[in-house]
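Chemist: Only the shape, not the letters, is given here:
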């Protein structure tokens, strides 16, 4: 039985399958997932689930009835080990062979492992899957001192959850500020102040040299070869790596992910990729990028589903990210790399503001703290290539929505 086969029950994979169906694709659709759980949302893993505020049923993408209604077969608990693109066939670990006419690779990314002595000790954890989250949740209940390696989104969200559970938390960040590659210095400082007030200690410019253990279990983290921090539990969050091994073995072009065009097509006819495992050209980044974002995965998955159903619509979404930490919501739209000017809109001291990032006079990204209204407007502005002047951006009384009206221009 041929048809569409999707490898990975990720946001991108599920969106591609559902969109193809909705757009009129009538052939069989099968989704292969190596996890046994129904497709689920990953953002709650580091927040609500870790704090015990929802259970595993609370963040499923869809229940079984949705897939049954769309005539999408889910094959859970199966791992794909080979793609034979010439034969149009995949092989599963149990020896099963499946033919395909169309194939979507939506295998996501895996946690980057830390390469130091003692990294394999019990109690050194990562957070990517529901199994990781369940294990971490159980360990948090018994731990008193938590060391988190990495001041990125995962590390800071886990730090926030652990602090709310009354744990003593220390974050180790090799860079000079939090989320250095993702947000402006003003937002980094605000996040640091928020975590510090919540009792989280953050150490910058510090390298982890080893994990120290007793009886096979981690008891401390060694910094720069001399300083030791006691640790009942260590959580490593130092980035992700695209799961592109199947694509590489199949001879597909890969460069920091599986290379795809604006419709998610690889260089091989009938084979697509989307989500964290894919690399695409972004006009907003002015280059090739791999994004790890829920919205990106869904939008790119939708473009793939439409292409499969011969109802093409190019993927051209503005990059969007969000993160909940303590009692604040951080939202980011656009791509701020190489920005050369930053303008603050709103009051930092009030805990509600946005930072407008410019590159050569063009608005390229906006970071917002507790300010969703700004995000809604600037997303449309950036998508349309409209840049308010720095003066307009800094003036909270200026209605930025008016710039979207035909004939209205930014003024100096």
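Modeler: Now that the structure is in, tell me what you want to look at. Model, not experiment: these values are computed from the prediction. Numbering: from 1, shown residues only.

Chemist: Any stretches of the chain with poor pLDDT?
Modeler: Applying pLDDT under 70 to the chain flags residues 1, 407-412.

Chemist: Which helix runs longest in it?
Modeler: In terms of residue count, the longest helix belonging to the chain (DSSP state H) is helix 294-308.

Chemist: Can you give the distance from that one to the centre of its chain?
Modeler: Its chain's C-alpha centre and that of helix 294-308 lie 15 Å apart, by C-alpha atoms, centre = their mean, to the nearest Å.

Chemist: Let me see the contact set for residue 2.
Modeler: 27, 28, 88, 99, 100, 101 (C-beta atoms under 8 Å, 6 or more residues apart in numbering). All C-beta spots, glycine's among them, are computed from the backbone N, C-alpha and C.

Chemist: let's see it at 6 Å
Modeler: Neighbouring residues of residue 2 by C-beta atoms under 6 Å, 6 or more residues apart in numbering: 99, 100, 101.

Chemist: Look up the closest residue to the last one, ignoring the ones flanking it.
Modeler: Using C-beta to C-beta, 6 or more residues apart in numbering and skipping residues adjacent in sequence, the residue nearest residue 101 is residue 2, 4.7 Å away.

Chemist: Okay, the one you found and residue 16: tell me how far apart.
Modeler: Distance of residue 2 to residue 16, given as C-beta to C-beta, to the nearest Å: 17 Å.

Chemist: Then residue 396?
Modeler: Here residue 396 is placed at a distance of 41 Å from residue 16 (C-beta to C-beta).

Chemist: Excluding chain neighbours, give the residue nearest to residue 345 in space.
Modeler: Per C-beta to C-beta, 6+ apart, closest to residue 345 is residue 354, 4.7 Å.

Chemist: if I read this right, that neighbour contacts residue 365, doesn't it?
Modeler: No - look at residue 354 against residue 365 with C-beta atoms under 6 Å: they stay out of range, at 10.4 Å.

Chemist: Going along the chain, name the helices of the stretch 51-200 of the chain.
Modeler: For the stretch 51-200 of the chain, the helices defined by DSSP state H, counting those that start in this stretch cover 64-69, 130-142, 153-164, 185-197.

Chemist: can you redo those as JSON lines with distance to residue 79?
Modeler: Formatted as JSON lines, the helices of the stretch 51-200 of the chain follow (distance: least, C-beta to C-beta, whole Å):
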{"stretch": "helix 64-69", "distance to residue 79": "20"}
{"stretch": "helix 130-142", "distance to residue 79": "14"}
{"stretch": "helix 153-164", "distance to residue 79": "24"}
{"stretch": "helix 185-197", "distance to residue 79": "38"}
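
Chemist: most packed of the ones you listed?
Modeler: Across those, averaging neighbours per residue (mean count of other C-beta atoms under 10 Å) puts helix 153-164 on top, at a mean of 24.

Chemist: List the buried residues in the helix or strand harbouring residue 391.
Modeler: Assigned by DSSP states H and E, residue 391 belongs to helix 390-394. Buried residues in helix 390-394, defined by neighbour count with 16 or more other C-beta atoms under 10 Å: 390, 392, 393.

Chemist: That helix - contacts with which helices or strands?
Modeler: Packing partners of helix 390-394 (3 or more C-beta pairs under 6 Å, 6 or more residues apart in numbering; DSSP states H and E): strand 341-347.

Chemist: The closest residue to residue 321 other than its chain neighbours bridge partners, please.
Modeler: Once flanking residues are discounted, residue 321 sits nearest to residue 332: 4.3 Å by C-beta to C-beta, 6+ apart. As for beta bridges, residue 332 partners with residue 321, residue 367 under DSSP bridges.

Chemist: Pull the number of nearby residues for residue 332.
Modeler: As a burial measure, residue 332 scores 24 neighbours (other C-beta atoms under 10 Å).

Chemist: And it, how far from residue 284?
Modeler: In terms of C-beta to C-beta, residue 332 sits 12 Å off from residue 284.

Chemist: Compare residue 396 and residue 16 and say which is more crowded by neighbours.
Modeler: The neighbour count for residue 396 versus residue 16, taken as other C-beta under 10 Å, is higher for residue 16 (35 against 13).

Chemist: Excluding chain neighbours, what is closest to residue 61?
Modeler: Spatial nearest neighbour of residue 61, excluding adjacent residues (C-beta to C-beta, 6+ apart): residue 39 at 4.4 Å.

Chemist: you'd agree that neighbour is up against residue 14?
Modeler: Yes - between residue 39 and residue 14 there is a contact at 5.1 Å, judged by C-beta under 6 Å.

Chemist: Mind listing the shared neighbours of these two?
Modeler: Contacts common to residue 39 and residue 14, judged by C-beta under 6 Å, 6+ apart, are residue 61.

Chemist: the more surrounded of these two?
Modeler: Neighbour totals were compared for residue 39 and residue 14, and residue 14 leads with 28 against 21 (other C-beta under 10 Å).

Chemist: three-state assignment of that one?
Modeler: Put simply, residue 14 is helix when judged by DSSP: H, G, I helix; E, B strand; the rest coil.

Chemist: just use 17 as the starting number from now, easier for me
Modeler: Happy to do that; since the first residue is 17 now, the last one works out to residue 30.

Chemist: mind listing what it touches?
Modeler: Taking C-beta under 6 Å, 6+ apart, we find residue 30 in contact with 55, 77.

Chemist: hmm, try it at 10 Å
Modeler: Shown in contact with residue 30 (C-beta atoms under 10 Å, 6 or more residues apart in numbering): 22, 24, 47, 49, 55-56, 77-78, 82-83, 88, 90, 122, 291, 313-314, 317, 321.
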